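Chemist: Next one to model:
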Amino acid sequence: MSTSPLSGRVVILGTGTMAAGIAAGFLDAGIPVVVLGRSLDKAQASIDAGRQLAAVLGGPAKSDTPALAGLIESWSDWSGVAWILETITENFELKVALFKDLDARVPAHIPIGSNSSGFPITKMAEGLKTRSRMFNAHYFMPAHLVPLVEVALGEDSDPALGQQVCDFYRAAGKKPVLVRRDIPGFLANRIQHALMREALDLIDRGIASPEDVDTAVRYSFGFRYAAAGPVLQKEISGWDSMAQASREIYPSLSNTDHLAQCITDLMAQGRTGMKAGAGFVTWTPEQIAQERQNYDARLKAAFQILSMK
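Modeler: Okay, the predicted model is just below:
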């Protein structure tokens, strides 16, 4: 593989919400995109949605950044392509078939990523001739606002090329991290689920309400995370106090490998959150619209804080 920095346009496969958000980030950075779908209409609609999202980022969004729509099955123009990323339906068989197709069709020097949050690249690329140029590249919703991209190596991925992908994202204004082993949940989701396991255990045991869990996180350490990650925070406050507290707290933390009973009960009742109109809380359409508006506004404010030097 070449050691030259990656440069050029980005090809995005898929036309859903994630594809539009990903396209927005590259368009805002002035990087041309190609969006490929199962129909030209859907691919163009994804580009249009991406341009709308890019326009609200507050950065140097370029309405004239080139963007092309095409069909997944027939696209053959890989000239000037720096990076290919699939965002199709989270279905393992479909993704394996797509990677097999890309392995044969895409020139071997172009790195290929999957935005899958659940399927490791090692399994999706198993047996493929060019699997060394394949990675997980995991975004978080909403993709146009959340800066993090996790670039995860598979067992056969080229680490040097993975670093080049990270450098490419960094130049595009994102905050990439290189996950050096192919493990479930990559990096951020493992940390997030460790917190969620403990939070739900506290709810299950009647120690705290769902509302109080949210309040405790948002207005204590969660509030600080926009300013510094957990490691830097302890560098500032001192590891000795953390070490002392851990002796008392760690033995009592949840170590269950089962889903919390409160969530099992909600799922059995079909209360899966706002999309179902109810989770822990029953939601009206007006409340859902307001909370999502508030959520986006807070994310944008947090993004501005994270942009501070």
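
Chemist: average model confidence for the longest helix seen in the chain?
Modeler: Criterion DSSP state H: the longest helix present in the chain is helix 285-306. When pLDDT is averaged over helix 285-306, the result is 90.

Chemist: chain center to it, what's the gap?
Modeler: 18 Å (Cα atoms, centre = their mean, to the nearest Å).

Chemist: Identify each buried residue in it, please.
Modeler: By neighbour count on 16 or more other Cβ atoms under 10 Å, the buried set for helix 285-306 is Phe303. For glycine as for every other residue, the C-beta is placed from the backbone atoms N, C-alpha and C.

Chemist: CA atoms only: put that helix into CSV for me.
Modeler: Extracted C-alpha coordinates of helix 285-306, given in CSV (Å, rounded to 0.1, in the frame of the first residue of the first chain):
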residue,chain,number,x,y,z
PRO,A,285,-45.9,13.7,18.8
GLU,A,286,-45.4,17.2,20.0
GLN,A,287,-43.2,16.2,22.9
ILE,A,288,-41.1,14.1,20.5
ALA,A,289,-40.6,17.0,18.1
GLN,A,290,-39.6,19.3,20.9
GLU,A,291,-37.2,16.9,22.6
ARG,A,292,-35.5,16.2,19.3
GLN,A,293,-35.2,19.9,18.6
ASN,A,294,-33.7,20.4,22.0
TYR,A,295,-31.3,17.5,21.5
ASP,A,296,-30.0,18.9,18.2
ALA,A,297,-29.6,22.3,19.8
ARG,A,298,-27.6,20.9,22.7
LEU,A,299,-25.4,18.8,20.4
LYS,A,300,-24.6,21.9,18.3
ALA,A,301,-23.7,23.8,21.4
ALA,A,302,-21.5,20.9,22.6
PHE,A,303,-19.9,20.8,19.1
GLN,A,304,-18.9,24.5,19.5
ILE,A,305,-17.3,23.7,22.9
LEU,A,306,-15.4,20.8,21.4
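
Chemist: List of residues touching it?
Modeler: Here helix 285-306 makes contact (Cβ atoms under 8 Å, 6 or more residues apart in numbering) with 58, 142, 145-147, 175, 226-227, 274, 283.

Chemist: Flag the least confident of these.
Modeler: Gly58 (63).

Chemist: I'd like the contacts of helix 285-306 laid out as JSON lines, including distance to Phe135.
Modeler: Formatted as JSON lines, the contacts of helix 285-306 follow (distance: Cβ to Cβ, whole Å):
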{"residue": "Gly58", "distance to Phe135": "29"}
{"residue": "Pro142", "distance to Phe135": "22"}
{"residue": "Leu145", "distance to Phe135": "23"}
{"residue": "Val146", "distance to Phe135": "19"}
{"residue": "Pro147", "distance to Phe135": "18"}
{"residue": "Lys175", "distance to Phe135": "16"}
{"residue": "Ala226", "distance to Phe135": "28"}
{"residue": "Ala227", "distance to Phe135": "30"}
{"residue": "Met274", "distance to Phe135": "32"}
{"residue": "Trp283", "distance to Phe135": "37"}
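
Chemist: Of those residues, which is the nearest to Leu68?
Modeler: Taking Cβ to Cβ as the measure, Leu68 sits nearest to Pro142 out of the contacts of helix 285-306, at 23.4 Å.

Chemist: Next up, the contacts around the closest one.
Modeler: By Cβ under 8 Å, 6+ apart, the neighbours of Pro142 are 17, 21, 53, 296, 299.

Chemist: Would you mind measuring from the second one to Val35?
Modeler: Look at Gly21 and Val35: by Cβ to Cβ, to the nearest Å, they are 12 Å apart.
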